[in-house]
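Asker: what shape does this take:
(chains A and B)
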Amino acid sequence: MEGQEGPPRVCRDDAPKLLAALKEMKEGLDHVRGKVEALTRKVKKNQLPTSCGIGYLEAKHHLLLSYCQDIVYYLLRKAKGLSVDGHPVVRSLVEIRLFLEKIRPIDKKMEYQIQKLTNAADGAATQEKVLNAETKNKGRHQDDEDPLKYRPNPDMMDTKSDPAGQDNDGIYRPPKFMPATMDDDDKRLKQASRRDKALTRMATENPYIKEIIDDAADRPEEWKETAGDESREFTKYIRLREKQEKQEEELFTRAPLTKRDKQTEKRMRTQLHGLRGLTDGFDLGMNMLLDGDKDNDVGSREPHVKSGGRRKHQKGGNKRKRH
Amino acid sequence: MADTKTAPAVTLRTRKFMTNRLLSRKQFVLEVLHPGRANVSKADLKDKLAKMYEVKDSNCIFVFKFRTHFGGGKTTGFGLIYDNVEAAKKYEPKYRLIRVRSFCLLAYGLVSKFGSLGLISC
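Answerer: Residues are numbered from 1 along each chain as shown, chains lettered A, B, ... in the order given. Presented below is the predicted three-dimensional model:
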């Protein structure tokens, strides 16, 4: 019972909307028909050559026309009360709609080119008419064309530098736009904060200094149990190796093993006692203790080790010093 | 000292498994866990892989570039499983084919690892 009442009520609600939609459709179709008739008349009189047109636009016209036909047929069936379920017209409607949606981005991209071409074609066609009409049309088209004149125009390039203000000694001086402050405070503050951070890091990580500080602060002694090698050298080596392994797996290749790598590996393997990390913070700690009063940038860098080895690879290092 | 029979089992794990359709093969990173014993031989690994991936011909399996991690117990390398022996002969580099003896007796005419080097250079 309810079901029977349902459809008529829906129909009554939808009726004004349906009427409006139908009216719009009829207007649109009349408009299209008028245009198409005008065009066909021109073609019949051989005024409009239709060969060598833009193939893309032709295809679009065909699609739109068949879409219109399908819509009209669909509405006809609905109006006559015939069922539309499973009829091929629905499928073709959906297909054409899909195509039109897909064409839309292509349309947007081609819009500029198509405009130019059609304007050029129009311009060429009007050249056959009277001279006055020709100039009038050209004038009108040039207004349209100004936004279409998108080809690169070197005359429009904006030289930001003032040509009068440049010294003629050939040196490029950059133009001054915004006031810039030369402000050293930032750098000093940053250095100070870095020094503080380095000191706190040393206090907690360096075992020698930690011991001294803990002793001074009356904290209980700390004991650490380690299994295996926990020296800085070793942990760094392991970290590097793991990173390299990950990279190698990613790229499905192996980096060749240099002689230096082989030597370090051999060293790691042979010196497997746990004593390697015993003197890890010693030199830094000693430095700080001995030069405690000097305002050095102590925490930023470890004291330079292995300088003898590095000098081997510099080109003519000793010889350079003589000059 | 330990017998191979009583040594703990060897575990194979494959990671980054990828099917390479262009070269008609499957490639992966192979992780071998062998606690308490030295490295596993490549032939053993091939047999195990053949069982794991149900490959009919273990000549299509190639494993290479193994490196043992620090401390032993784990070795990582790469593995390839070709679709068929023809694809393997076509795409594998010669030095890896030479390592598998059965290939040497086939069409190439390369006799041994050291003999072939002379043949290739001339």
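Asker: mean confidence (pLDDT) on the helix or strand harbouring A:Ala121, please.
Answerer: Assigned by DSSP states H and E, A:Ala121 falls within helix A:88-126. Mean pLDDT, computed over helix A:88-126, is 83.
Asker: what packs against that helix?
Answerer: Judged by 3 or more C-beta pairs under 8 Å, 6 or more residues apart in numbering or on different chains; DSSP states H and E, the packing partners of helix A:88-126 are helix A:55-80, helix A:131-148. Where C-beta positions appear, they are placed from N, C-alpha and C, glycine not excepted.
Asker: which one of these has the lowest average pLDDT?
Answerer: The weakest mean pLDDT among these belongs to helix A:131-148, with a mean of 50.
Asker: following element in sequence after that helix, please.
Answerer: Remark: after helix A:131-148, the chain's next helix or strand is helix A:185-205, criterion DSSP H and E.
Asker: can you point out the buried residues in that next one?
Answerer: A:Arg195, A:Met202 (16 or more other C-beta atoms under 10 Å in any protein chain shown).
Asker: in PDB, list the C-alpha atoms belonging to it.
Answerer: Only the C-alpha atoms of helix A:185-205 are listed here, as PDB (Å, rounded to 0.1, in the frame of the first residue of the first chain):
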ATOM      1  CA  ASP A 185      75.000  38.300  18.300                       C
ATOM      2  CA  ASP A 186      73.400  35.200  16.800                       C
ATOM      3  CA  LYS A 187      76.700  33.600  16.000                       C
ATOM      4  CA  ARG A 188      78.000  34.300  19.500                       C
ATOM      5  CA  LEU A 189      74.900  32.900  21.100                       C
ATOM      6  CA  LYS A 190      75.000  29.800  19.000                       C
ATOM      7  CA  GLN A 191      78.600  29.200  19.800                       C
ATOM      8  CA  ALA A 192      77.900  29.600  23.500                       C
ATOM      9  CA  SER A 193      75.000  27.200  23.400                       C
ATOM     10  CA  ARG A 194      77.100  24.700  21.500                       C
ATOM     11  CA  ARG A 195      79.800  24.900  24.100                       C
ATOM     12  CA  ASP A 196      77.300  24.300  26.800                       C
ATOM     13  CA  LYS A 197      75.900  21.300  25.100                       C
ATOM     14  CA  ALA A 198      79.300  19.800  24.500                       C
ATOM     15  CA  LEU A 199      80.200  20.200  28.100                       C
ATOM     16  CA  THR A 200      77.000  18.500  29.300                       C
ATOM     17  CA  ARG A 201      77.600  15.700  26.800                       C
ATOM     18  CA  MET A 202      81.200  15.200  28.100                       C
ATOM     19  CA  ALA A 203      80.000  15.200  31.700                       C
ATOM     20  CA  THR A 204      77.600  12.300  31.100                       C
ATOM     21  CA  GLU A 205      79.400  10.300  28.400                       C
END
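Asker: need the contact partners of whatever helix or strand comes next after it.
Answerer: Downstream of helix A:185-205, the next assigned helix or strand under DSSP H and E is helix A:207-216. With C-beta atoms under 8 Å, 6 or more residues apart in numbering or on different chains as the test, helix A:207-216 has contacts from A:Met202, A:Ala203, A:Thr204, A:Pro220, A:Glu221, A:Glu222, A:Asp280, A:Gly281, A:Phe282, A:Gly285, A:Met286, A:Met288.
Asker: for the helix or strand following helix A:207-216, what is the distance to the chain centroid?
Answerer: Counting by DSSP H and E, the element after helix A:207-216 in chain order, helix or strand, is helix A:232-251. Here the centre of helix A:232-251 is set off from its chain's centre by 31 Å, with C-alpha atoms, centre = their mean, to the nearest Å.
Asker: helices and strands around helix A:232-251, which ones?
Answerer: Against helix A:232-251 (3+ C-beta pairs under 8 Å, 6+ apart) you get helix A:259-270, strand B:11-20.
Asker: again, only this time at 10 Å
Answerer: helix A:259-270, strand B:11-20, strand B:25-33, strand B:61-68, strand B:74-82 (3 or more C-beta pairs under 10 Å, 6 or more residues apart in numbering or on different chains; DSSP states H and E).
Asker: count the residues that sit near the closest residue to chain B within the stretch 101-250 of chain A.
Answerer: At 4.8 Å from chain B, A:Glu249 is the closest residue in the stretch 101-250 of chain A, using C-beta to the nearest C-beta. As a burial measure, A:Glu249 scores 18 neighbours (other C-beta atoms under 10 Å in any protein chain shown).
Asker: sweet, I'm off.
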